[in-house]
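Asker: Give me the fold of what follows.
(chains A and B)
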Protein chains: 2
Amino acid sequence: MGLCNSVSFHLPCPVRRGRLRLKPIVQERLSIMADLRIPASLAALAGLLLAGPARADEGMWTFDAFPSAKMQADYGWAPDGRWLDRVQAAAVRLTGGCSASFVSPDGLILTNHHCVVECAQDNSTDENDLLKLGFVPVRREEELKCPGQQAEVVTAIGDVTARVRAAIGTATGEALVKARDAEAARIEKEGCRDAATTRCEVVTLFGGGQYKLYTYRKYADVRLAWAPQFQAAFFGGDPDNFNYPRYALDAAFLRAYENGRPVKVKSFLKWNPRAPQVGEATFVVGNPGSTQRLFTSEQIAFQREVGLPLTTTILSELRGRLIGAMERSPQAKREGADELFGIENSLKVYVGRQKALNDPAFLKMLAEAEADLKAKSLGKPGIGDPWADTARAVKAYRDLYVPWRFIVPWGSLMGYAQTIVQGTAEREKPDADRLPGYTESNLELTTKTLLDEAPVYPWLEQVEMAWSLSKAREYLGADDADTRLLLGRESPEALAERLVGGTTLADPAVRRALWEGGRKAVEASSDPMIVYARAIDARERELKKLVDERYAGPLAEAGATLADARFLAYGDRIYPDATFTLRISYGKVQGWKERGIDVAAVTTLGGAFERATGAEPFDLASAFAANEARIDKAVPFDFVTTNDIIGGNSGSPVIDRSGTVIGAAFDGNIHSIGGNYGYQGDVNRTVVVSAAAVQHALEVIYPAPALVKELRGK
Amino acid sequence: MGLCNSVSFHLPCPVRRGRLRLKPIVQERLSIMADLRIPASLAALAGLLLAGPARADEGMWTFDAFPSAKMQADYGWAPDGRWLDRVQAAAVRLTGGCSASFVSPDGLILTNHHCVVECAQDNSTDENDLLKLGFVPVRREEELKCPGQQAEVVTAIGDVTARVRAAIGTATGEALVKARDAEAARIEKEGCRDAATTRCEVVTLFGGGQYKLYTYRKYADVRLAWAPQFQAAFFGGDPDNFNYPRYALDAAFLRAYENGRPVKVKSFLKWNPRAPQVGEATFVVGNPGSTQRLFTSEQIAFQREVGLPLTTTILSELRGRLIGAMERSPQAKREGADELFGIENSLKVYVGRQKALNDPAFLKMLAEAEADLKAKSLGKPGIGDPWADTARAVKAYRDLYVPWRFIVPWGSLMGYAQTIVQGTAEREKPDADRLPGYTESNLELTTKTLLDEAPVYPWLEQVEMAWSLSKAREYLGADDADTRLLLGRESPEALAERLVGGTTLADPAVRRALWEGGRKAVEASSDPMIVYARAIDARERELKKLVDERYAGPLAEAGATLADARFLAYGDRIYPDATFTLRISYGKVQGWKERGIDVAAVTTLGGAFERATGAEPFDLASAFAANEARIDKAVPFDFVTTNDIIGGNSGSPVIDRSGTVIGAAFDGNIHSIGGNYGYQGDVNRTVVVSAAAVQHALEVIYPAPALVKELRGK
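Answerer: Model (predicted):
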C-alpha cells in the first residue's frame, strides 16, 4: 500500500520522480492529475467493457488467478503452474514506474529505453550527453548508477482480506481509511523483517473485495548497462508516440547490484532474438499502473466534466512553458528533455482519454456495462445502492478537487522539502498512525529516493513551480484563502525564484542532515523551501482528512460493495483494475484495421530508413545512418499484439509459449489509451520492440559483444 | 458581409489582427477557434435561455427593433426614437474588434485601454514603452496613428431580405453560399459608391431570417489621444480578468482624423463623469461580436466534445510557449505582451465556455429551450425538421474540422502572404464571384490592413508558426496528406525559421509592390512565405468548398427554417444572435449574489490601494502610487450592470437615461462567459469603468487639461 503511484494521497513520494511508464504518465503525488490520486481501493474494480466477463484477450490477470480454462478454450493451450511460477520469478518492477525482467543469471535486466532516460540524463553532462550518444560500456565496471531506481521481484502473494476487513469493521469515512492503512502498515511490518532486502506491500484489489500482501525481493542498486541513442529509441518522437507502424529501438539494459557486485539470480528469462510470427500467442508480464474500467457513470462524468478538461489545459501550458524555456540554451534543451518527454506523453494520454469520454458511442458502451451490473444486482442481499453512494462521494469531491490538487506546488525541491517536513513528523508516530509513505515498510524507499544524489536544474524547478502556483491562483481565484496561503503577497514567479534560488536542498548532504536531525533540525531550519513546506503542511493534512472523510472513505465502502456485486454477477471471470502490481496478459501477434485499412503487425529495420526525413523527430540516429550498410534491413523491428496493457507496463517482457523473451512492450497504439476505461479487442494493441532488433543493434549498431555473449548464455 | 470576424471562412482578413474585444477573443480568420468561423447566418439566431421570449434584461437588440414596450413595462420608461437616433449616430465601431463612441465635436473617441494596446505597442520602442509609461500628448499634433485601425459609424440600416432570398432561390450547399455572397457583394457595391468615406455591409440576422444592409461612415485615420499605463488599465491582470470587484482604469481616447485634421462630427455623446447610482437604468451601445444562443443540441455537442477541448488544449500550449519565449529578454517581454494578453483572455473565455457546457444544469436549460421550440413547431407548415438537417451538417463538419482549422498556419507574415496570393487571384474575378474579403466593398479595408505599417516581431512569428504547424501535425497525424502538404520533409520549427527568416513581407513597401504588381509579380516572387502561401492555396480553397457544401450551406438552409420556427413561436420578442454589428442593451446598475455573498455594484479608487500587494499583477501603476495623496479615494472606480453583452462590446459607452456617458464597458464577470449560450439575469454582469474615474485620472493621475476641457465642451 506504499507506492506513491497507487495510493490515495500525494504525500509519501519524496520527489517528483517515479512516473508510471508505458511511456511515463504524470500521475504521481505532486500530481496534476489528482483525479488519479484516488485510492487503489477505488480505482481497483474488475473491469469489463461490455457487461459480463472479460472478452477476447481482455484482462490484466493476477498470477494467482490466471484464467487457464479461458485461454485453453481460446488458444487450445495455456501455461501450467510451473510455467507461471518461472515467469513470475523473473519479472521485475522498477520503482521508477516501469516493468522489466531478468534476462541473465548475472542480474541483467531488460527494459525500455524510455525507462532509463532519467538515469541516462542524470549521468550526462554537456560534454558527455548519454541521450545523444547512447551508452555502451566496454566493461561492467563502467556501468552507471541510476539515482532513485530500485528493482523488485515478487516472491510471495498472500491473502490478507480477512485481517484488513476485520480491522475496518464498521468504520466509515476517514476512520475507515485510517483503520485500513494502519492494518496494512502492521501487516507489511510483520511480513518484512529485513528491510534491506525485502519489501512488503498490501495491495487493494477489486476495490476492497480483496487485500493481498505482496512480498518483494528488492535490489536498491541498479545500474545502466546499455542504452542506444535517444533518437533511435524515440524515432518519430511525440508525433509517432502512441501510433503505429513504428520504428523505435525503445530498449535498454540495466543490471542489479548488491554490495558493489552484480547480483546472481536463479530465475531469468531466456533471450530469444527471433522474428515474431503473426498469430502466435504472446504474454506480457508486468505492472500495469492504473485503470478505471469499473468507474461508475458518476466517476466517469467527473473525469469528463472536471478532471480531464482541467488537466489537458494546464498540462498543455506547462508543455509550452517548457518548450519556450528550453529554447534559451542548448544546455536547457538537454536538461529539460526528459521532463518534456514525460509531459508530452502524459498529455497524449489525457487528451486521448478526453476524446474517449467525449465519444458518445464509447460512453454508451460504458453505460451498458453499468446497466447490466445494476440489473443483475437488483434485490441481491447486501448490495444496496453503491452507485448512489459513489455519486454522493463524487459530488463532495467536486468541491475539494481544486484545492486538493493545487495545495502542493510542483518541483523536486518542493518534494524534498515536503518529505522532510512531513516525514519528520510522521516518524515520531507509532507505525500504524503514519501516513502510508512513512510506515516502516515504506520508509526505506522513501529515504533512498530522498537522499540519492540526483541533478536538480534550478531553471526547470522555477518554471514548474511558477506554473503550478499560477495555475493554483487561476483555478482557486486570486482572493481564495488557499491562494493566499500559497502566495502571500508574492507573485508566482517571484515566489518560485525566491524559494528555488534560496534553498540548499539540491545538496543531498543538506537533505540528509535535516532528515537525520529530526524535528529539532527541521524546526530550526531557515531554508526557504523548508519554511514554505512547514507553512502549507497543516492545510495539506486538513485537505487530506476531508478527502478521506467525504470521498476516499465512502468510495472505499461503495467500492467493496460494487466488488461484491460484480463477483455475484460474473464469478471469477473478472480481473482487478490495474494497481502497479504484477499481472499477466495473454494475446497474440496481430495487426488491426484502421478506418478500413490493414495495419501490418510487424515492421522492419529498413522501414526506419524509408520513414526518415532528416528533420527532427524523423531524423535517423547517427549510428543508424553510419551503419546503414551493415544493417540487415529485413530484421523485424517493432510489432503489435492484442495484449491488454496500460501505463506501467513499459519494459514488460513479451514472452512466447516456450517462456522465452521475444521483445519488450514499450507503447500502445492510439486505441490503447481508451483502455483506461475499457479494452477494445478489435483495435487495442500493444507495441513491442522485438528482441531480434535489439540483438541486431547489440551486434552492429551499438556493439556490445559482452552483452551478446551474456544473453546467449555463454 | 465582409468583416473577417463574422463571416464563414478564414480568408479575407489580411493579418491576424482584429480580434473581437471585450477583452479580445482570438477567433479571427487564422483562427484557432474554427468552430466559431461559422457563417453569421448560422450563428445568428434569436437566443433565449429558456424557451420563450427574452427575459429580464436579456437581449442585444438591433436599433430598428428596440423593445420599447417591454422596457416600458419593466422600467416604467423607455427611450423614444429621437433618443435612439441620437445615440446610434454617436456609436463607433473599431475594426480592431472593439466598440466606442464619439464624445466631442472634434472626433474624440472613448474606448477601452485594451482596445488601444496594440496601437500603443506598435508605437513603442524599448526606450519609450507606451504601455509602461502611458501616453499623454500635450498637443493634438502629438497624437499617434494606430496602424490598421478604422472607426465606423452606422448611417443607415436597410432591409434586403427579399433580394438575398430571391438570389438564393432553391440553391443548396455550396451553391447557396455562393449565391448569397454574390448578391451581398452586389448590394454592397451598389450601396457604397464612395469607398473612401463609406462602407456597406450586408448582415445576416436570424440565421437568414433577415438580411440587412448596414451603411457606415468610415474614418480610416485613427490616432491615440490618451492612454493610462497598462498596469493601471489592467490592474489584477489575468487573475482578475472576468472577475469582480475590479479596480481597472481600462479606458483610453482615440481621435478620428481626415486629411490630416481631426474630423468634425455632429453627433457625439455628452461626457458625464458622475457616480453611477445603484438601480438606475443603463444602456450599452456597441457591437457584440458573436453569440451562439440558438445552437441546436448537435451544435452544442460539437463544441463540448470537439471544438472546445481542442481549443483550450492547444491555446494553453501557445500561452506557455509565449510565456517561455518572453522570458528570454526584456524586449521580448514587451513585444509579446499584447499577444499574451489576447491569448490569456481568449483562453479564459474558452475555458469558461467549456465549463458552462460541462455543467449538466446549464445544458438542461439549453435542452429545455430546444424542446419548447420543437413542441411549438410541431406540424407547423414549412418547418420540417431543421434539427435533423443541422445534425447532418454537424456530422459532416466533424470530419472537416481538423484540416480546415489547421490548413493555414498562424502568423501575421503568413497572413500577409495569403492575402497577397489569394487577393491577387480574387481581384481578377467579377465582383460577385470573389471571396467576401475581396469584394469591392471590402477591398479598401483589406488593402489598408495589408499595407499599413505595423511592427513585426520575427521571434513571435516563429513561435506562433512553429506552434501552429506542430499542432497541425499532432491533430492530423504525421502521415496525413495535409500534414505532408504543410511540412514536406521539414520540422515545424525549421520550416517556421526558414519562412520567417527568409521573407521580406515585414516591409510594407514589399507588400505594396506585390499587391500592386498583380498576378505577374506574385507568380514571379521567390519570397519563401509567398511560395508557401501559393503551395497551400489550392487545398485551402478545396476545404472551403467542402465546408460550404456540406456544412455552411446546409446550416444556412436549416438556420433560416429555424428562424421561421422561432418567429412563429415567439413573434418579435426575440433578438438576433450577435454579429459584430450595432446593438443596444438595456439594464441597470446592480451587484449580484456570489455563493450567497453580496457583491457590491461599485468600487472606489481607494480600493485599488487596498488590493495592491506590490507583486505583479497586483502592483499599483507608478502614477497611482506617486499621486496617492492627490487621489480622491472615494471616487467610484468600476461598476457592474445587468446589461447583456459579449466580446466585441469592449469600449461601448454606458449611457444613462438622459443619453450621457457615465462609463465604458470593458469586461463581463465570470458568469458572462456562459452568455455565449444563454443570458442568466441573476448573475451575468457587465463590468464598466466609470466616467468619474476616468475624469479623475485626466485631472490628477495622467493629467490632460486639454482633454478635460474638450470633454467639458468648453
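
Asker: can you pull the buried residues of stretch A:706-714?
Answerer: A:706-707, A:710-711 (16 or more other C-beta atoms under 10 Å in any protein chain shown). Glycine gets a C-beta too; all of them are placed from N, C-alpha and C.

Asker: Looking at the residues you listed, point me to the pair that's furthest apart.
Answerer: A:Ala706 and A:Leu711 (9.7 Å; C-beta to C-beta).

Asker: What residue spans form the domains of chain A?
Answerer: Per the TED database, the structural domains of chain A span A:61-150+A:220-292+A:576-712, A:297-570.

Asker: mind checking which of these is nearest chain B?
Answerer: domain A:297-570 (1.6 Å; C-beta to the nearest C-beta).

Asker: contacts with chain B among the buried residues of stretch A:706-714, please.
Answerer: When contact is defined as C-beta under 8 Å from any C-beta of the partner chain, the buried residues of stretch A:706-714 do not meet chain B at all.

Asker: okay, these in a markdown table with distance to A:Thr170 and secondary structure next?
Answerer: A markdown table is the format used below for these (distance: C-beta to C-beta, whole Å; DSSP: H, G, I helix; E, B strand; the rest coil):
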| residue | distance to A:Thr170 | secondary structure |
| --- | --- | --- |
| A:Ala706 | 61 | helix |
| A:Leu707 | 57 | helix |
| A:Glu710 | 57 | helix |
| A:Leu711 | 56 | helix |
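
Asker: As PDB, could you dump the C-alpha coordinates of the helix or strand where A:Gly587 lies?
Answerer: Per DSSP states H and E, A:Gly587 falls inside strand A:583-588. The C-alpha coordinates for strand A:583-588 follow below in PDB (Å, rounded to 0.1, in the frame of the first residue of the first chain):
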ATOM      1  CA  ARG A 583      -0.100  -9.000 -13.900                       C
ATOM      2  CA  ILE A 584      -0.100 -11.300 -16.800                       C
ATOM      3  CA  SER A 585      -1.900 -10.700 -20.100                       C
ATOM      4  CA  TYR A 586      -2.200 -13.200 -22.900                       C
ATOM      5  CA  GLY A 587      -2.800 -12.300 -26.600                       C
ATOM      6  CA  LYS A 588      -1.300 -12.800 -30.000                       C
END
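
Asker: residue contacts, A:Glu497?
Answerer: Taking C-beta atoms under 8 Å, 6 or more residues apart in numbering or on different chains, we find A:Glu497 in contact with A:462, A:466.

Asker: That one should be in a strand, yeah?
Answerer: No - counting by DSSP: H, G, I helix; E, B strand; the rest coil, A:Glu497 is not part of a strand but helix.

Asker: where does it land on pLDDT?
Answerer: Reported pLDDT at A:Glu497 in the predicted model: 97.

Asker: Over to A:Leu45?
Answerer: On pLDDT, A:Leu45 comes in at 27.

Asker: Next, the buried residues of the helix or strand where A:Lys355 lies.
Answerer: In this assignment (DSSP H and E), A:Lys355 forms part of helix A:330-357. Residues of helix A:330-357 classed as buried by neighbour count (16+ other C-beta under 10 Å): A:332, A:334-357.

Asker: near chain B too, which of those?
Answerer: Filtering those for proximity to chain B by C-beta under 8 Å from any C-beta leaves A:347, A:351, A:354-355.

Asker: Need the max-distance pair from those residues.
Answerer: A:Leu347 and A:Lys355 (12.2 Å).

Asker: Which strands or helices does the helix or strand that the helix holding A:Lys355 is followed by pack on?
Answerer: Scanning forward in sequence from helix A:330-357 by DSSP H and E, the next helix or strand is helix A:360-377. Counting contacts by 3 or more C-beta pairs under 8 Å, 6 or more residues apart in numbering or on different chains; DSSP states H and E, helix A:360-377 is packed against helix A:297-302, helix A:553-570.

Asker: what's the most buried one of those?
Answerer: helix A:553-570 (a mean of 23; mean count of other C-beta atoms under 10 Å in any protein chain shown).

Asker: pLDDT value on the nearest residue to A:Leu568 once chain neighbours are set aside, please?
Answerer: Excluding its sequence neighbours, the residue lying closest to A:Leu568 (C-beta to C-beta, 6 or more residues apart in numbering or on different chains) is A:Lys380, at 5.7 Å. Note for A:Lys380: predicted pLDDT of 91.

Asker: Could you verify my assumption that A:Lys380 touches A:Arg566?
Answerer: No - applying C-beta atoms under 8 Å, one finds A:Lys380 not in contact with A:Arg566, separated by 11.1 Å.

Asker: Show the pLDDT at A:Leu48.
Answerer: Reported pLDDT for A:Leu48: 33.

Asker: same question, A:Ala337
Answerer: For A:Ala337, pLDDT reads 88.

Asker: cool, and A:Leu11?
Answerer: 26.

Asker: circling back: reformat the ones next to chain B among the buried residues of helix A:330-357 into JSON lines and put pLDDT next to each item.
Answerer: Shown next, in JSON lines, are these (pLDDT from 0 to 100):
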{"residue": "A:Leu347", "pLDDT": "95"}
{"residue": "A:Val351", "pLDDT": "96"}
{"residue": "A:Gln354", "pLDDT": "96"}
{"residue": "A:Lys355", "pLDDT": "95"}
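
Asker: Show me the shaky parts of chain A.
Answerer: A:1-53 (pLDDT under 70).

Asker: mind running it again at 80?
Answerer: Across chain A, the ranges flagged by pLDDT under 80 are A:1-55, A:207-208, A:572, A:714.

Asker: tell me which element A:Val92 is part of?
Answerer: Per DSSP H and E: A:Val92 is located in strand A:91-94.

Asker: same for that strand, what does it pack against?
Answerer: Packing partners of strand A:91-94 (3+ C-beta pairs under 8 Å, 6+ apart): strand A:98-102, strand A:108-111, strand A:151-159, strand A:281-286.

Asker: can you list the residues of the stretch 451-600 of chain A near chain B?
Answerer: With C-beta under 8 Å from any C-beta as the criterion, the stretch 451-600 of chain A meets chain B at residues A:463, A:467, A:473-474, A:477-478, A:487, A:489-491, A:493-494.

Asker: Likewise for the stretch 601-714 of chain A?
Answerer: Residues of the stretch 601-714 of chain A lying close to chain B (C-beta under 8 Å from any C-beta) are A:613-618.

Asker: Return the members of these classed as buried.
Answerer: Buried residues within those, counting neighbours by 16+ other C-beta under 10 Å: A:613, A:615, A:617-618.

Asker: In these, find the pair that's most separated.
Answerer: For those, the farthest-apart pair by C-beta to C-beta is A:Thr613 and A:Pro617; their separation is 9.6 Å.
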